[in-house]
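*Asks:* Coordinates for the following, if possible.
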Amino acid sequence: MESKVSRRLKQPPAQEVIQYIFQPRTTREFFNKNFDVLTQINLAHLVMLDRQDILDETTTSTLANALLKIRRDGPDAVELDPAREDAYFNYEAHLIQLVGQNLGGRLHTARSRNDIGATNDRIRARAYVVRICAALVSLCDSALEQADAYADHVMPGYTHMQAAQPITYGYYFSALVEAWSRDIDRLQHVLETLDGCPMGACALAGTSFPIDRTLTSNLLGFSRPLGNALDSVASRDFALELSAALSIMMITCSRMVQDFYIWSTPEFGFLTFPDSIAGTSSIMPQKKNPVVLEYLRGKTAHLIGLTSAALTTVKSTHFTHSGDSSRESTRTCWESCEEALKCLELMALLVRDVQPERERMASRAANDFSAVTDLADLLVRNADLSFRDAHHIIGAVVRRALDEGLPATAITTEMIDDATQQQLGRRAALPAEDVAKCLDPICNVNGRESYGAPAPQGVRDRIGAQRAALNVHAETLASIEKRLDNAAALLEQLTRAIAAAGHVQQALAQAS
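*Replies:* Presented below is the predicted three-dimensional model:
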């Protein structure tokens, strides 16, 4: 018995090879996921072969009708045999079963599984990136709604997990949108990276047939054919870039999750989770567990691991097509994309449904000394001190308050004068009302009007700019989707013209 795909091989594949290598590439789930893209590639290639007169009109018409029938019948109609190695050979075998080997085998003229696989990967990645970008834009929209609603909702800001300076809950969300917007930038750069079509590269060195790579590229929704056949089949850097971009995105998400994790504890009491996104304990009846937060932290680690696996798989492979550099390296990318989409849905739940405890946040901001930096600034402005001297003086005041068990709101002008006298040999003589304003977290936040600071009006102004930037991202995605829809419509029109034995050049003229 010989190989089912090549007379070069005089023996069928070993059972272990079928079980561990070919079987995963020919599962029903795997084939069904790739069926539509493979059909699209086949149709685009056929249209090009017809236009270039590489195949005669009778052959292309017969093949077009067969491919349309295969598409109508769906992937479940294709018998899958792992001894045929992969999805492509099983698809081709089904086509040959319909029209015979002489005609069915002609569709593979001027192409290879290598350029087919590379094109399949780019189309698949493109579809994922568009979906992920859209989900991320939606998440940013929700976060900006919260930023606007809570722009004056005062809370402590933290550095080193210690109270630092007052901010607002809305300001926090606006900051997250800044980071997520850069994630959108990175993902849209992935779209640019993968926006080149490998079809026509064949195995690695192109072909002597008079193909039109630009036509095939346009019909598949790409802006251009890739400029080097070897690079076309050797490189999956777009998948590595996509995996890395998703890992970076999820790291930002996990940092928000970690904040929510501690802010929702009774010790902080800043956030309230609805029961619908919490779990409970099997033994402790009082428990309300943050299961969504823990899932998201775990999945972030998962995506980082998948990215690391992909990078390691490609490392030290030869710069050409091979199973590890081209197949194994992209396998983790699809899993990352699926997990990222799930995580973004859960992130949207957190952003929309978790409620801040305003009084608790404001009380903590008032009493935890996070406002005292403004006292140092007041000394610089009103008492003619250098900032370093002012820093030492207010540090001494805070130390005294802590030693005496006083909250920040109990700091008085007398305490400041005592520290100033000790440090500089004179009083500061700050007005009591000015000291009180500095220690009021609302006044403190309202006074921070420098660009990018948390003053509510500044935050709302920034929200306007952020929304405008998101609209640009959304318009970019819409234009890409329109281009893909137009390409698909043209491909459908030309295919049907060929199926009806019409000439593709005439159909092209009508389309233009």
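*Asks:* what are the ranges of the strands in this protein?
*Replies:* If you assign secondary structure with DSSP state E, the strands in the chain sit at 154-159, 162-168, 271-272, 355-356.
*Asks:* For these, give me TSV that also has distance to T27 and mean neighbour count.
*Replies:* All C-beta atoms are positioned from the backbone trio N, CA, C, and that covers glycine. Compiled in TSV, the strands of the chain are given as follows (distance: least, C-beta to C-beta, whole Å; neighbours: other C-beta atoms under 10 Å):
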stretch	distance to T27	mean neighbour count
strand 154-159	48	20
strand 162-168	51	21
strand 271-272	43	16
strand 355-356	44	16
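*Asks:* For E57, which of the ones you listed is the nearest?
*Replies:* Using C-beta to C-beta as the measure, strand 355-356 is the one of those that comes nearest E57, at 67.1 Å.
*Asks:* Residues contacting that closest one, please?
*Replies:* The contact list for strand 355-356 (C-beta atoms under 8 Å, 6 or more residues apart in numbering) reads 150, 153, 155, 169, 270-272, 274.
*Asks:* quick revisit: tabulate the strands of the chain in TSV, adding columns for mean pLDDT and distance to I251.
*Replies:* Converted to TSV, the strands of the chain look like this (pLDDT from 0 to 100; distance: least, C-beta to C-beta, whole Å):
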stretch	mean pLDDT	distance to I251
strand 154-159	96	18
strand 162-168	94	21
strand 271-272	94	21
strand 355-356	96	24
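*Asks:* quick one: which of those is nearest V314?
*Replies:* When the strands of the chain are compared for distance to V314 using C-beta to C-beta, the nearest one is strand 154-159, at 38.3 Å.
*Asks:* Need the contact partners of the closest one.
*Replies:* Residues from elsewhere that reach strand 154-159 (C-beta under 8 Å, 6+ apart): 163-169, 172, 270, 356, 361-362, 364-365, 368, 370, 441-442, 445, 454.
*Asks:* angle of that strand against strand 162-168?
*Replies:* Between the axis of strand 154-159 and that of strand 162-168 there is an angle of 140 degrees, by axes from the mean of the first three to the mean of the last three C-alpha atoms, to 10 degrees.
*Asks:* For strand 154-159, which strands pair with it and how are they oriented?
*Replies:* Looking at strand 154-159 with DSSP bridges, its paired strands and their directions are strand 162-168 (antiparallel).
*Asks:* thinking again about what came up before, for the contacts of strand 355-356, work out which two are farthest apart.
*Replies:* Based on C-beta to C-beta, the longest span within the contacts of strand 355-356 runs between M155 and P274 and measures 19.8 Å.
*Asks:* wait, N90 sits on A83?
*Replies:* No: judged on C-beta atoms under 8 Å, N90 makes no contact with A83 at a distance of 9.7 Å.
*Asks:* neighbour-wise, which of these two wins?
*Replies:* Between N90 and A83, counted using other C-beta atoms under 10 Å, N90 has the larger neighbour count: 24 against 18.
*Asks:* I'd like the distance from that one to P82, if you could.
*Replies:* Plainly put, N90 is 9 Å away from P82 if you go by C-beta to C-beta, to the nearest Å.
*Asks:* pLDDT score for R72?
*Replies:* Among the per-residue scores, R72 shows a pLDDT of 97.
*Asks:* Look up how far F270 lies from it.
*Replies:* Relative to F270, R72 is positioned 57 Å away (criterion: C-beta to C-beta).
*Asks:* Tell me which of the two has more neighbours.
*Replies:* Here R72 and F270 are set side by side on neighbour count (other C-beta under 10 Å), and the busier one is F270, at 22 against 8.
*Asks:* got the contact list for the more buried one?
*Replies:* Contacts here follow C-beta under 8 Å, 6+ apart; on that basis F270 touches 155, 263-264, 356-357, 360-361, 364.
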